[in-house]
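**Student:** Provided below for reference: sequence and predicted model.
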2 protein chains.
Amino acid sequence: MKVTIKDVAREANVSIATVSRVINGKDRVKKETRLKIEKAIKKLNFRPDQAARTMIIKETKTIGLMIPVLTNEYWAGLSEVIQDALGEKGYTLIIGSDNMNPDKQKAILNVFQERKVDGVIVGSFLPDVTVKHVDDLKQEGIPTVSFFPFHPNMNCVMGDHVQGSMDVVQHLIQLGHRSIAYIGSLPTTSYERVMGYRNALMMNGIQVNEAIMMDKNEIILDFSRYGYEATQQLIQSKETFTAVFCANDLMAIGAIKALYEAGIKVPENVAVVGYDDISMAGLYRPSLTTVQQPIKEIGKATVDMLLELILHNDEPMSKKVTFPMKLIVRESCGARQFMSLDNK
Amino acid sequence: MKVTIKDVAREANVSIATVSRVINGKDRVKKETRLKIEKAIKKLNFRPDQAARTMIIKETKTIGLMIPVLTNEYWAGLSEVIQDALGEKGYTLIIGSDNMNPDKQKAILNVFQERKVDGVIVGSFLPDVTVKHVDDLKQEGIPTVSFFPFHPNMNCVMGDHVQGSMDVVQHLIQLGHRSIAYIGSLPTTSYERVMGYRNALMMNGIQVNEAIMMDKNEIILDFSRYGYEATQQLIQSKETFTAVFCANDLMAIGAIKALYEAGIKVPENVAVVGYDDISMAGLYRPSLTTVQQPIKEIGKATVDMLLELILHNDEPMSKKVTFPMKLIVRESCGARQFMSLDNK
DNA sequence: ATGAAAGCGCTAACAG
DNA sequence: CTGTTAGCGCTTTCAT
């Protein structure tokens, strides 16, 4: 048998309106009455029905998050942070992973609209389709925040990947490398990584060798395999390279695997660096020099921005926040000899 | 301005009841009328309000999934499979990760109840507290399915970890190993892994050496660190061991890291095997011999069982399904010399 | 400070 | 086949 606000009212000998007041803590209620009601609530183990409440306040207290894949540690980590931050504010998260598939993306956004989510976080961007979908959401008055500035007036929380990439490439240059290969793939934020890479080379007067830039403009799902295969091509090309900068850690791990299979040692013969600092970066052999994303800060800022937007959806300007990246030096670049797990 | 069933009714010149009939497709409606209404729905871009519907039919078409952590690839993978299977049936998933924290677990289940989920999948088990929580759910009439048989009449979808562990330990024994260390931690399914380990040794007439069994009865969050530290202890203990069986792949990776730091090569000096077959198992150097869980089948079976339970919640008996595990031989056990990524 | 009453948008009898 | 009507459980005026 279901416990409703009526049962609580009867138990506490008050009207349902007063119970409602106690639940929401908005209106003032005499302390005595409140205690009485709180006791009744506890006794009956009453939980307000969200659906009924939603009907009136027109808020579902639900947020939709769309990402490419959940099995990617970066996205899983970010999702978890967002989930927690949202939970603290009384919101529930629905996660949808589209596997970079346009139809799935559409289906996910559809569910978000049917469920009348209060806001959407766009973590997956597909050329052509995503922009249209986001416009749809805007038209329905659903605020959105994204991690990609694919739209002129998009609200964005981003990492400064130009800086992050510059830092790590600069580090390689300081270690003496002049022929640094690049492995990445568009779309995603790789575009900025390429910029950082080019900037760093340019600033040091190093000519960019396009032959050792492996950046397919193609949707990649299996990053490690991509890094592995791109490295094999690099080796076969007979071009000179003494270091490889990979757009993410999984690509770097694939690259290292390929190098070792070709009898090339890392970092002795070739240095490899990654990006993201997933947990495996500190665990791999050799451990990965990489760029750490402040996932917690990014996740929290995203939630803050979205909730702000939900409260004042009349903001004319789009919001943008950018976070700095942090270089993490480990073994794979050759800068240090050895690090134990304790320093990960 | 919001479009409701009333607007559609007015537009189509019928009563709201008829519109409702068309939406739900249950009752028969004259074809002519239906077309008229469908046209009005499309014209006004009407989407029925889930909250209002939920209030009456007492179904939210929402399922709750509680797991320990999202950043663990095993759980992320399982969550994704469950998400997809549920989506196909018109259900939405809410994921909650409790980080093995009793308070968080309680908060998650609380949200599930407030949101009136139609069913709950229990992927996180904490001694003492979880049993009580599940009983609560049962009392509220919310069906549950778990991956752990922690309750006599619990509906379960499980992997046959006794078999899986026996297989991999048996494999080590066939390779000539007699001193096989064990690294695991209770709670979780480790209990069954220990059983499989003991069975395999026993069947081969090998005495169990308790000194090389590292199975803390303690909640572990950082598995790789645990594997790393347990292995360091193992090395310091001066006990003999030529192989290590780890309760999951992350522990195995931590173990390998510790062995290498101590100058012990894998698999040349010591063989290491893991469990789960996460993607990193095929990517690590050396690649991991491990036991593969049929995640897709487990996820689908879980969804099937839960939806079945939602339809016929009057079932007296608890349901149980068990899936066989599959041994995956790679480099870390020393059975083969080398495998390229293509054979992962 | 509290209660009575009017809905929120929809479904499900019950009539016709 | 279709319309009328009574709620679902809650929040929110409007009285008192």
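**Tutor:** Done, it's in.
**Student:** looking at this, A:Val157 is in a helix?
**Tutor:** No. Counting by DSSP: H, G, I helix; E, B strand; the rest coil, A:Val157 falls outside a helix, being strand.
**Student:** show me where the stretch 51-200 of chain A has strands.
**Tutor:** Applying DSSP state E, counting those that start in this stretch to the stretch 51-200 of chain A gives strands spanning A:62-67, A:92-97, A:119-122, A:144-146, A:156-159, A:180-186.
**Student:** Now distance to B:Asn269 and mean pLDDT too, for the ones you listed, in a markdown table please.
**Tutor:** Quick note: C-beta positions are derived from backbone N, CA and C, even for glycine. Rendered in a markdown table, the data for the strands of the stretch 51-200 of chain A read as follows (distance: least, C-beta to C-beta, whole Å; pLDDT from 0 to 100):
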| stretch | distance to B:Asn269 | mean pLDDT |
| --- | --- | --- |
| strand A:62-67 | 42 | 97 |
| strand A:92-97 | 41 | 96 |
| strand A:119-122 | 48 | 97 |
| strand A:144-146 | 50 | 96 |
| strand A:156-159 | 42 | 95 |
| strand A:180-186 | 33 | 93 |
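**Student:** With mean neighbour count added, can I get the ones you listed in TSV?
**Tutor:** Written out in TSV, the entries for the strands of the stretch 51-200 of chain A read as follows (neighbours: other C-beta atoms under 10 Å in any protein chain shown):
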stretch	mean neighbour count
strand A:62-67	25
strand A:92-97	24
strand A:119-122	26
strand A:144-146	23
strand A:156-159	21
strand A:180-186	25
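**Student:** and chain B, which of those strands is closest to it?
**Tutor:** Evaluated with C-beta to the nearest C-beta, the strands of the stretch 51-200 of chain A place strand A:92-97 nearest to chain B, the distance being 6.0 Å.
**Student:** any chance of the strands of the stretch 51-200 of chain A in TSV, plus distance to B:Met317?
**Tutor:** Output for the strands of the stretch 51-200 of chain A, formatted as TSV (distance: least, C-beta to C-beta, whole Å):
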stretch	distance to B:Met317
strand A:62-67	35
strand A:92-97	33
strand A:119-122	42
strand A:144-146	47
strand A:156-159	50
strand A:180-186	51
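**Student:** how about the ones you listed in a markdown table, adding distance to DNA strand D?
**Tutor:** Supplementary listing: the strands of the stretch 51-200 of chain A in a markdown table, determined by distance: least, C-beta to the nearest atom of the strand, whole Å:
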| stretch | distance to DNA strand D |
| --- | --- |
| strand A:62-67 | 16 |
| strand A:92-97 | 16 |
| strand A:119-122 | 19 |
| strand A:144-146 | 25 |
| strand A:156-159 | 30 |
| strand A:180-186 | 47 |
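**Student:** nearest to DNA strand C, of those strands?
**Tutor:** Of all these, the one in closest proximity to DNA strand C, counting by C-beta to the nearest atom of the strand, is strand A:62-67 (16.5 Å).
**Student:** coming back round to it: what about the strands of the stretch 51-200 of chain A, which gets the closest to B:Val303?
**Tutor:** strand A:92-97 (16.1 Å; C-beta to C-beta).
**Student:** check contacts around A:Pro102.
**Tutor:** By C-beta atoms under 8 Å, 6 or more residues apart in numbering or on different chains, the contact set of A:Pro102 is A:126, A:128-129.
**Student:** List buried residues within these.
**Tutor:** Burial of these was assessed by neighbour count (16 or more other C-beta atoms under 10 Å in any protein chain shown); the buried members are A:Leu126.
**Student:** Now narrow the contacts of A:Pro102 to whatever sits close to DNA strand C.
**Tutor:** Among the contacts of A:Pro102, no residue is within reach of DNA strand C (C-beta under 7 Å from any atom of the strand).
**Student:** Just give me the closest of the contacts of A:Pro102 to DNA strand D.
**Tutor:** Comparing the contacts of A:Pro102 against DNA strand D with C-beta to the nearest atom of the strand places A:Val129 closest, at 36.7 Å.
**Student:** how about that closest one, what does it touch?
**Tutor:** A:102, A:105-106.
**Student:** A:Ile183 now?
**Tutor:** Applying C-beta under 8 Å, 6+ apart, one finds that A:Ile183 lies in contact with A:214-215, A:226-227, A:230-231, A:234, A:244-247, A:251, A:255.
**Student:** just the residues you listed: which has the poorest pLDDT?
**Tutor:** Sorting the contacts of A:Ile183 by pLDDT puts A:Asp215 at the bottom of the list (90).
**Student:** Run through the bridge partners of that residue.
**Tutor:** Applying DSSP bridges to A:Asp215 gives these bridge partners: A:Gly184.
**Student:** hmm, which helix or strand of chain A has the shakiest average pLDDT?
**Tutor:** For chain A, using mean pLDDT, DSSP states H and E, the weakest element among its helices and strands is helix A:129-139, scoring a mean of 89.
**Student:** Work out the gap between that one and the centre of the chain.
**Tutor:** If you compare the mean C-alpha spot of helix A:129-139 with that of the full chain, they lie 20 Å apart, counting by C-alpha atoms, centre = their mean, to the nearest Å.
**Student:** Can you give me the buried ones in it?
**Tutor:** Under the neighbour-count criterion of 16+ other C-beta under 10 Å, helix A:129-139 has A:130, A:133-134, A:137 buried.
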